[in-house]
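Trainee: here's a sequence, model it:
(chains A and B)
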Amino acid sequence: MRRMGWLFLAILIGSLAGAQNPIRGGTLQIAVDSSPAGLDPHVATAFATFVVIGNIYEGLTEIDEGLRVRPALAESWKVSSDGLTYTFKLRSGVTFHNGQAFDAKDVLATFNRVRDPKTGSPIASRFNLVKEVRANGPLEVVFELSQPFSPFLSELAGLSIVPAEYIASGGDLQRRAVGTGPFQLKEWVPDTYILLERNSKYYRQGRPYLDALKFNIVPDAATRQIGISSGTYHFLPNIDPSLAVTLKNAPGVKLYESQDLSYSLLGMNVTRKPFDNPKVREALNYAVDRKALVQAVYFGNGVPGGPLSPVLKGWASSVSAFPCYNTNPQKARELLRQAGYPNGVDFTILTLGSVKTVVDAAQVLQAQLAPAGFRAKIEILELGKFVQEWRNSNFDAFASLNGGSVDPDGYLFRTFSTGGSTNVFKYSDPRVDQLLNQGRTATSADTRRKIYAELQVKLACQGPIAHLVYGTLFSAARENVQGFKPIPTRSLLYLRETWLAR
Amino acid sequence: MLTYILRRFLDLVLVLFGVSVLVFLMIRLIPGDAVQIMLGANTEITPDRLQALREKLGLNKPLPVQYWDWLTGVLRGDLGQSVWTGAPIRDEILARLPLTLELTALSLILGVILSIPIGILTAYWRNSTGEYLVRLAAIAGVTVPSFWLGTLFIYLSFRLWPTFPTIGYVPLTQDPVGHFSRLLFPILALSLPLLAGLSRLLRSTLLDILNQDYIRTARAKGLSERIVLYKHALRNALIPLVTVVGIQAGYLFGGAIVVEQVFALPGMGRLIVGAINERNYPLVQGSILLVTAGFVFINLLVDLAYAYLDPRVEYA
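Mentor: You can find the predicted model right below:
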């Protein structure tokens, strides 16, 4: 009986401990696979960079776990009724990590830096429609657009604000990051770790809870897995589905799950045979069994999807709207015959060797396509070569993993508009161009929804991309990691709310 | 002797010049340049932005001009700057070199020191059960790659002794115990294949020598087996061993590249692999040049060691 009493007490204490308030302090040991090449937020493209600098920098807005646009460095904003003028009221009392105060001049300097061709910023073209930016006193910034641009607020979340004086005096953003975010750069030992320490002047009361984030650079997947199982590391962000399956039952380890904006795809070059013929592209879609891909490549953790991620609720059409998503090899053969290929077609799929899901998907696709008459040869390339072939449109087809965007326009416009900056397929369709332009300039959400619904149906079966699977996004953490929330954009925004239970 | 060393140094300069040209061209001839990778796939970029970035990085100049700029810099002791971050290459290399040197040197020492007694014992115990077992282990040691051994060590130590620190890197000055405990398994993983190879080699050379006439003579004139072994047999058996050790030092470096990946150690291997993937031209050039210089220099040392071990070797 007495023993029962102790047991009861232990359970009571345990449950009290479970409900405790966030504890300040501690260093979160994070393991990532590769080192950022540099930290400049305006030239970065690699995920390895964003995962670190997302904690150092902030934009005027930010995107939360429901993909809603929230205020960050802008406290509030007003949009004129014609959708051409955005007025932002900036947060007061914010300082950069180097002690300089944040105000409107920093927003202007940041914007000019991104637009300067010398910076070579890959995000510059997202702001092509901005005609003018001006400060209206120290805490108000006005953006004038040349035409309405609905995704503007969400695009601003990707514009990290940097300090004006620091860049004017030749500050080296590649190596010494200075932002306003919850953590600041303390130490970067190349190929070993990047240590971020708590920004004690952060404007969100009491945040962050952790004293420091240590990004350990651990290139080997097996080593990362053992590292989190043994407790050497607390957190592995955005892991492979195969690693997630392995860690699912590991003691002391839990998994965070979220839907992903990124998707696996098969891209087709519409200037080359056989994919210049829309019937062949449609046939290929009929030949693919997306449900089997989910099982074989993602171990069941994912969903088939169309041009927009199912996580974009209200925008993404259900796959039942796309007839070609009903796997049908006979129909595929028939379409190939109609296109003039009664004996099937031969082509090469390029893939990126460094992403496991991509290589796996290419192999499963190869097997699925064969019975329908698509004889694919797979060529696995290293990143440098892949990027070059991709940019020069030197491929029949390629398998890859693409990031989506929070607003439908971001991804669809750059990918499918004629001459779009990532339209490496050389796809061009007057109706699609027309819809894309209407979609970005329409100001009513209902009108936009109708436009994008039509676009998705048009692109799903005959577009230059066979959209395959939206995988589940997994992060692994030790059980004492609390307060983190995953976001479909893969951002680690909520590390500022994360704390370590004792 | 002096003219010999001088001539070898001249060779070294020639080799390095050749390597500098080769590396310079090779890293530029593989598809995909630094600017393309920097911008990545799936990003928005226009041709004029590509051009602007190339100009900023000095990659728009003709190749011979780029090579000349780099070479004259190297001769002045300036290895250039990282294409990506602008950090001086010299600092990047100096930050990584000590660890790789430590790793390869300790593995080499461990491998050589252990291979001598094992080689001798297996030569003397020829065809005993113990020798068969050692021979089996040696074959396994030669065939199993270091990276697999590394993963196995990490896994086993996690299973048997979960709190033993195996992953990552701690500087010697900060925590000597933690430093060496983290280097223990990488060193074992690197030295085991070496140990296996060297002890097999020593065994067969010793067996060969022990059957020679002069050994029989030595034994016949009543020398103790000890003196026969150390004074007559071993000294001769060490000559091929030294050659192999010299070559193996280079391969150890190659193995270190992989082992550094597995154990997350920040050494030269990680630096070079990263630099190649990023097409960080001056960084690849600088580090390969340095490694080649080291390799050629070790070979010079090996040749000089012959003179000490084998008085018959003459240098003309």
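Trainee: show me the contacts for residue A:97.
Mentor: Contact criterion CB atoms under 8 Å, 6 or more residues apart in numbering or on different chains gives A:56, A:177, A:178, A:179, A:180, A:184, A:185, A:199 as the residues in contact with residue A:97. Any C-beta I mention is one placed from the backbone N, CA and C, and that applies to glycine too.
Trainee: do the same with residue A:474
Mentor: Each residue near residue A:474 by CB under 8 Å, 6+ apart is listed here: A:238, A:239, A:241, A:243, A:244, A:255, A:256, A:257, A:301.
Trainee: mind pulling up the pLDDT for the residue of the stretch 401-502 of chain A found nearest chain B?
Mentor: Distances from the stretch 401-502 of chain A to chain B, computed as CB to the nearest CB, single out residue A:421 as the nearest residue at 3.5 Å. Model confidence at residue A:421, given as pLDDT, is 80.
Trainee: sorry, back to before: can you flag the buried ones in the contacts of residue A:97?
Mentor: When the contacts of residue A:97 are checked for burial by 16 or more other CB atoms under 10 Å in any protein chain shown, the buried set is A:56, A:177, A:178, A:179, A:180, A:184, A:185, A:199.
Trainee: my guess is residue A:412 contacts residue A:455. True?
Mentor: Yes. Taking CB atoms under 8 Å as the contact criterion, residue A:412 and residue A:455 are neighbours in contact, 6.5 Å apart.
Trainee: how much space between the residue of the stretch 401-502 of chain A closest to chain B and residue A:390?
Mentor: As for residue A:421, its distance to residue A:390 is 13 Å (criterion: CB to CB, to the nearest Å).
Trainee: compare those two and say which is more crowded by neighbours.
Mentor: Summary of the neighbour comparison: residue A:421 and residue A:390, criterion other CB atoms under 10 Å in any protein chain shown, with residue A:390 having more neighbours (23 against 20).
Trainee: now the element after the helix or strand where that one lies, going C-ward?
Mentor: When secondary structure is defined by DSSP states H and E, residue A:390 falls within helix A:383-391. Tracing the chain C-terminally past helix A:383-391 and defining elements by DSSP H and E, one meets strand A:397-402 next.
Trainee: can that next one be said to contact chain B?
Mentor: Yes. Judged by CB under 8 Å from any CB of the partner chain, strand A:397-402 comes into contact with chain B at A:400, A:402.
Trainee: what's the first helix or strand after that strand?
Mentor: The first helix or strand that comes after strand A:397-402 along the chain, using DSSP H and E, is helix A:408-416.
Trainee: and the next helix or strand after that next one with helix A:408-416, angle?
Mentor: From helix A:408-416 onward toward the C-terminus, using DSSP H and E, the following helix or strand is helix A:430-441. Here helix A:430-441 runs at 150 degrees with respect to helix A:408-416, directions being taken by axes from the mean of the first three to the mean of the last three CA atoms, to 10 degrees.
Trainee: so which bits of helix A:430-441 are buried?
Mentor: The neighbour-count criterion (16+ other CB under 10 Å) identifies A:432, A:433, A:435, A:436, A:438, A:439, A:440, A:441 as the buried residues of helix A:430-441.
Trainee: list just the nearest of the residues you listed to residue A:310.
Mentor: The shortest distance between residue A:310 and any of the buried residues of helix A:430-441, using CB to CB, involves residue A:439 and amounts to 18.8 Å.
Trainee: surely that closest one touches residue A:408?
Mentor: Yes. Judged on CB under 8 Å, residue A:439 makes contact with residue A:408 at a distance of 6.9 Å.
Trainee: between the two, which contacts overlap?
Mentor: Contact criterion CB under 8 Å, 6+ apart; residues shared by residue A:439 and residue A:408: A:448, A:452.
Trainee: low pLDDT regions in chain A?
Mentor: Low-confidence segments of chain A (pLDDT under 70): A:1-20.
Trainee: can you check the pLDDT for the residue nearest to residue B:172 when sequence neighbours are not counted?
Mentor: Residue nearest to residue B:172 in three dimensions, not counting chain neighbours: residue B:179, with 4.6 Å by CB to CB, 6 or more residues apart in numbering or on different chains. The score at residue B:179 is 89. That number is its pLDDT.
Trainee: ok, residue A:94 - contacts?
Mentor: Contacts for residue A:94 were tallied using CB under 8 Å, 6+ apart; they are A:73, A:101, A:102, A:180, A:203.
Trainee: okay, the residue in chain A that chain B sits nearest to and residue A:103: tell me how far apart.
Mentor: Distances between chain A and chain B by CB to the nearest CB are smallest at residue A:384, namely 2.7 Å. Between residue A:384 and residue A:103 the computed distance is 41 Å (CB to CB).
Trainee: got it, and residue A:312?
Mentor: 34 Å.
Trainee: residue B:86 too?
Mentor: Look at residue B:86 and residue A:103: by CB to CB, they are 29 Å apart.
Trainee: do residue B:136 as well
Mentor: As it turns out, when the distance is counted by CB to CB, residue B:136 lies 74 Å from residue A:103.
Trainee: repeat for residue B:247
Mentor: Between residue B:247 and residue A:103 the distance is 64 Å, computed by CB to CB.
Trainee: the more surrounded of the two?
Mentor: residue A:103 (19 against 13).
Trainee: contacts only, for the more buried one.
Mentor: For residue A:103, the contact set (CB under 8 Å, 6+ apart) comprises A:90, A:138, A:139.
Trainee: any chance of the backbone angles for it?
Mentor: Summarising the backbone geometry of residue A:103 under the convention degrees, to the nearest 10, its torsions are phi -150, psi -170.
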